[in-house]
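>>> sequence isn't available, so here's the structure alone:
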């Protein structure tokens, strides 16, 4: 089998470890890829193998982006193959660069070289999630599945720290299948097994100590099951509004304190919905009882001093104001926008290709300020995360401004019943583990869920794709501040330095001699 074909297969195996596939054995692709690259003769060859593996990994992980181009298939279907191939081709550059750097600096036969491999690989994974706003979809650590035993390590070191320990642990098995002293190779494999064992056992202990407690706040999550195509048909407008209103007002065992609608629930802007005498606002007001708060996602426009308009993807906190209708208590504007979805990096040029029509407004959205919790009357403070923002660790403050829960609203209807919504739920749930906060997740077509502070979907509190209904539940109480919430990625950086020091440990005598010679 050629090296290129092997790289393609290894990338596919690594992708298959993630939901919805869940073939966790696929994480063994990392040591196999490390050994494969070590056999290359050139840096260009190492880059090529890394790129091939990355391409299949991200193609399988992200093929669902093509689904968005099929919403208006007549106009945009021709672009679907390009979207499904160009995104993984770009993301694969990070894998190619990582493996080229590793090939340049690794020492053949060194039993702890997998630590260097993990450091370099995860450094480029961090860059992938950061450069040009980043796209941190399916980092290696997310293969464990949020809520699992091993996933609990994210409460200490975040998703990147979990990825580092995962890649390092499994890669230390690699030297068993390479030349070198058997004793040292076995020692490296034992170290790797201990690292993976520590993830699982430590996390299992944390879960065994979990004592979920319900707060006094009752939440209702609304999933109306409105497909994206249906929103653009004006004939469906009144039916869509009525569906959300009816679900909001549905009698339940408890009266909700807060009701959460998804991002872009109604095919109308906030300016239109809340205009003087607008029937939409009146219908919404009839469904919201006194003392209740409705969190609803809308796009909105505001004028600039220059007479132009700025557009925002926003979450509105609305309350009943009696005869005056709905009162806006607070507005959160989305901070991290989706390239080619909410803004076009080359706006004028890309508009001529037709991509502009995939954005809900006739111009780019503007980014809101850095995420900050909302303080709402009668409710615990909440950190909104709109759609794509739930991919990013560190958006929820862990200090004095720490909220009590996270509200993640998303419009996954763009991606139908693909693997995208399943993976999005998994990735978003890691924000609950990292922060020790419960998460309320609302989407139009699924998957909506209530997630506890350990990243687990609360039993019976999940609506699958294609389901219409509500989730009523008391909001779980938050845990105490996690180490990650307090220190952020500093723990990940510390682990990276420790792993790098471990990789260099056998060369300490050489480094010492070099220092002595430089001094003399």
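It's in. Keep in mind that what you see is a predicted model, and the values were worked out from it rather than measured.

>>> so where do the helices sit in the stretch 151-300 of the chain?
Per DSSP state H, counting those that start in this stretch, the stretch 151-300 of the chain carries helices over the ranges 154-171, 182-208, 228-231, 237-249, 270-273, 279-287.

>>> now these as TSV including mean pLDDT, mean neighbour count and distance to residue 293?
C-betas here are computed from N, CA, C, even on glycine. TSV is the format used below for those (pLDDT from 0 to 100; neighbours: other Cβ atoms under 10 Å; distance: least, Cβ to Cβ, whole Å):
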stretch	mean pLDDT	mean neighbour count	distance to residue 293
helix 154-171	98	27	29
helix 182-208	96	16	32
helix 228-231	82	18	25
helix 237-249	94	17	12
helix 270-273	92	18	16
helix 279-287	92	17	12
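
>>> what is the mean pLDDT for stretch 471-486?
Mean per-residue pLDDT for stretch 471-486: 96.

>>> distance from that stretch to the middle of the chain?
In terms of Cα atoms, centre = their mean, to the nearest Å, the centre of stretch 471-486 is set 18 Å apart from its chain centre.

>>> again, but for stretch 232-250
Mean-position distance between stretch 232-250 and its chain equals 29 Å (Cα atoms, centre = their mean).

>>> dump the residue contacts of residue 125.
Taking Cβ atoms under 8 Å, 6 or more residues apart in numbering, we find residue 125 in contact with 94, 98, 136, 139-140, 160, 163.

>>> oh, that last question was meant for residue 168, not what I typed.
Counted by Cβ under 8 Å, 6+ apart, residue 168 has contacts 114-115, 117-119, 192, 195, 499.

>>> thinking again about what came up before, would a markdown table of the helices of the stretch 151-300 of the chain with distance to residue 444 be doable?
What follows is those, written out as a markdown table (distance: least, Cβ to Cβ, whole Å):
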| stretch | distance to residue 444 |
| --- | --- |
| helix 154-171 | 26 |
| helix 182-208 | 32 |
| helix 228-231 | 8 |
| helix 237-249 | 9 |
| helix 270-273 | 16 |
| helix 279-287 | 16 |
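
>>> which pair of the contacts of residue 125 spans the longest distance?
Across the contacts of residue 125, no pair lies farther apart than 98 and 136, at 14.9 Å, counting by Cβ to Cβ.

>>> ok, now how distant is the residue lying closest to residue 406 once chain neighbours are set aside from residue 455?
Nearest residue to residue 406 in three dimensions, chain neighbours excluded: residue 439, at 4.4 Å (Cβ to Cβ, 6 or more residues apart in numbering). Computed as Cβ to Cβ, to the nearest Å, the residue 439 to residue 455 distance reads 9 Å.

>>> of the two, which one has the most company?
Counted by other Cβ atoms under 10 Å, residue 439 and residue 455 do not tie: residue 439 has more neighbours, with 30 against 25.

>>> for the more buried one, grab phi and psi.
Torsion angles at residue 439 (phi, psi; degrees, to the nearest 10) stand at phi -130, psi 130.

>>> isn't residue 95 up against residue 120?
No. Counting by Cβ atoms under 8 Å, residue 95 does not reach residue 120; the two are 10.8 Å apart.

>>> counting neighbours, go ahead and name the busier of those two.
The neighbour comparison of residue 95 against residue 120 (other Cβ under 10 Å) goes to residue 95, with 27 against 24.

>>> in the helix or strand containing that one, what's buried?
According to DSSP states H and E, residue 95 maps onto helix 80-105. Buried residues in helix 80-105, counting neighbours by 16 or more other Cβ atoms under 10 Å, are found at 80, 83-84, 87-88, 91-103.

>>> stretch 448-461 too?
448-458, 461.

>>> element containing residue 312?
With DSSP H and E as criterion, residue 312 is part of strand 309-320.

>>> counting by contacts, list what that strand packs against.
Applying 3 or more Cβ pairs under 8 Å, 6 or more residues apart in numbering; DSSP states H and E, one finds that strand 309-320 makes contact with strand 293-303, strand 326-333, strand 382-386.

>>> the longest one versus helix 279-287: what angle between them?
Think strand 293-303. Interaxial angle, strand 293-303 versus helix 279-287 (axes from the mean of the first three to the mean of the last three Cα atoms, to 10 degrees): 160 degrees.

>>> who are the packing partners of strand 293-303?
Using 3+ Cβ pairs under 8 Å, 6+ apart, the elements in contact with strand 293-303 are strand 258-260, helix 270-273, strand 309-320, strand 326-333, strand 382-386, strand 405-409.
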